[in-house]
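# structure for the following, please:
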Amino acid sequence: MPRSSVIVPCALALALTCALTACGGGDGSAGPPGLHDPYFPKMGNGGYDVTHYALTLSYDPGSKRLRGTARITARATRSLDAFNLDLKGLDVAGVSVGDRDARWSRAGQELTVRPRTGLGKGETFRTTVRYSGTPETLTDPDGSQEGWLPTARGALALGEPVGSMTWFPGNHHPSDKASYDITITVPKGLSAVSNGELRSETTAADGRRTFAWRTAEPMASYVATLAVGVYDITRSTTRSGLPVYVAVDPAQTAASAKVLARIPEIMDWEAYNFGPYPFSSTGAIVDGPGVAGYALETQNRPVFPGAPDVETLVHELAHEWYGDSVTPASWQDMWLNEGFATYAEWLWQEDHDGDTADEIFDALYRGDYYDDAADNKAIWDFPPAKPSSAAHISDSPVYDRGAMVLHEIRRTVGDDTFYDIIQGWAATHRHGNATTAEFTAYVEKKAPGKDFHRIWKDWLYGEGRPATA
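Residues are numbered from 1 along each chain as shown. From the prediction side, this is the model:
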């Protein structure tokens, strides 16, 4: 994400840092310090693929200090003498690759690691980073806040699109997914909630509590989360036996109870419409309304700023299929997340005595869906597959017009083929990444003989309000 910064000549910065860290050169190549994402070109790193993160953390809300050890298992995709990790702020105490200390340097959000010996293409290696400090809260181009968000009694970590680099080093681009073990120690009386399953919970003699969470299925770092605070915890299961773990700020318990009790019902409905649930647990985290200004589809248990309504819960849980399991290959493909989740809301309303998807589509097209005329007009600001800038990847064209693209497909192919498409798409790219081009090719393959040219040209990539068919 572009942000104003002081530019230091790279050679001078590296020379100064290497003098402090005994940085040395080698005969191999360095992995690129960014993946050239269309909207966040500095995010992610080339030359390797992460397979697992093991994070051992401790957090003290009083001092707001985080201490961490990150053990990152990765496979080299090219021969490497150096590689980069994304890490914003925080102080690095040491880095090792394998069982040997490594040379390292810092420049902005880039932590450059130089192993004592080069890494061969295809080699699996483990990097350990020891770090500490006060994690940062980032302000995105659209004005929203992410990263590490302090709360009255703890903190909440949210990572879309770049905030995860504020609390652990990694390859922070959605194209590099991995499994996770997150172990966090917090003061007496607090809980810590993360993704996946709670493997253990222990209490030390001084009352400090340690929670060990495991996410076995691949996860993009932007949907990793950590919530530290006082929570009311409930555990249940769906009819199919899927574990449901819900953590709620006590001030939101009463207001949230009725809606959160519908998670098993919503999960069954979504599995019927979208295919088998791709993960091993589900749930939700409800924090205070002032912590963040948005809900987020953090994997296994979405985060909500205060008590959610049913449609928002449907939306965020639908992301478990579209966004968390099938993850965009770049941030330009964001509509594959938000268009699908918004359309899930339409289908829910259609199946629960609300407006039909046809009625919602037509109202959006006419421009009388929202009470505010500016909101109705904003739908046509840019095409869903081509956001105008990083500040607009979460704007209404990505959500509403993205859902309209899906409805145009449904109108073209009919319900039977449409549900084959959305279920097959989730199954084909389960736990992987996908692009818009792959989606359009998939639709055309599933519905041979149908003409999608107008939908792609006018609705997906076209500027302005498309003409009626």
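# any idea how far the residue lying closest to residue 46 once chain neighbours are set aside lies from residue 121?
Nearest residue to residue 46 in three dimensions, chain neighbours excluded: residue 32, at 3.6 Å (Cβ to Cβ, 6 or more residues apart in numbering). Where you see a C-beta, it was placed from the backbone N, CA and C, and this is true even at glycine. Distance, residue 32 to residue 121, using Cβ to Cβ, to the nearest Å: 15 Å.
# isn't the residue nearest to residue 46 right next to residue 45, touching?
Yes: the pair residue 32 / residue 45 is scored as a contact, 6.7 Å apart, by Cβ atoms under 8 Å.
# name the residues contacting each of those two.
residue 84 (Cβ atoms under 8 Å, 6 or more residues apart in numbering).
# comparing the two, which residue is more hemmed in?
residue 45 (27 against 14; other Cβ atoms under 10 Å).
# if we ignore the residues flanking it in sequence, what's nearest that one?
Closest to residue 45 by Cβ to Cβ, 6+ apart is residue 84, at 4.3 Å.
# for the one you found, what are its contacts?
Counted by Cβ under 8 Å, 6+ apart, residue 84 has contacts 30-33, 45, 110-113.
# repeat that with 7 Å
31, 33, 45, 110-112 (Cβ atoms under 7 Å, 6 or more residues apart in numbering).
# secondary structure and distance to residue 303 added to those, as JSON lines?
Converted to JSON lines, the contacts of residue 84 look like this (DSSP: H, G, I helix; E, B strand; the rest coil; distance: Cβ to Cβ, whole Å):
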{"residue": "31", "secondary structure": "coil", "distance to residue 303": "32"}
{"residue": "33", "secondary structure": "coil", "distance to residue 303": "30"}
{"residue": "45", "secondary structure": "coil", "distance to residue 303": "26"}
{"residue": "110", "secondary structure": "strand", "distance to residue 303": "28"}
{"residue": "111", "secondary structure": "strand", "distance to residue 303": "27"}
{"residue": "112", "secondary structure": "strand", "distance to residue 303": "32"}
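# can these go into a markdown table with extra columns for distance to residue 374 and pLDDT?
A markdown table is the format used below for those (distance: Cβ to Cβ, whole Å; pLDDT from 0 to 100):
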| residue | distance to residue 374 | pLDDT |
| --- | --- | --- |
| 31 | 45 | 93 |
| 33 | 40 | 94 |
| 45 | 40 | 97 |
| 110 | 40 | 98 |
| 111 | 43 | 98 |
| 112 | 45 | 98 |
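# between those residues, which is nearest residue 166?
Taking Cβ to Cβ as the measure, residue 166 lies nearest residue 111 of the contacts of residue 84, at 12.9 Å.
# and the closest one, how far from residue 393?
26 Å.
# cool, residue 100 as well?
41 Å.
# so for those two, which sits in the more crowded spot?
residue 393 (26 against 9).
# what's the pLDDT at that one?
For residue 393, the model assigns a pLDDT of 96.
# could you do the one 5 residues further on as well?
The predicted local confidence for residue 398 comes out at a pLDDT of 98.
# using PDB, write out every CA atom in stretch 65-79.
In PDB, the C-alpha atoms belonging to stretch 65-79 read as follows (Å, rounded to 0.1, in the frame of the first residue of the first chain):
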ATOM      1  CA  ARG A  65       4.200  -4.500  24.300                       C
ATOM      2  CA  LEU A  66       4.200  -7.700  22.200                       C
ATOM      3  CA  ARG A  67       7.000 -10.200  22.300                       C
ATOM      4  CA  GLY A  68       7.200 -12.900  19.600                       C
ATOM      5  CA  THR A  69       9.200 -15.700  18.100                       C
ATOM      6  CA  ALA A  70       8.200 -16.600  14.500                       C
ATOM      7  CA  ARG A  71       9.300 -19.900  13.100                       C
ATOM      8  CA  ILE A  72       8.600 -19.800   9.400                       C
ATOM      9  CA  THR A  73       8.800 -23.000   7.300                       C
ATOM     10  CA  ALA A  74       9.200 -22.300   3.500                       C
ATOM     11  CA  ARG A  75      10.300 -23.900   0.300                       C
ATOM     12  CA  ALA A  76      12.700 -22.000  -2.000                       C
ATOM     13  CA  THR A  77      11.300 -21.600  -5.500                       C
ATOM     14  CA  ARG A  78      14.700 -20.500  -6.800                       C
ATOM     15  CA  SER A  79      18.300 -20.600  -5.500                       C
END
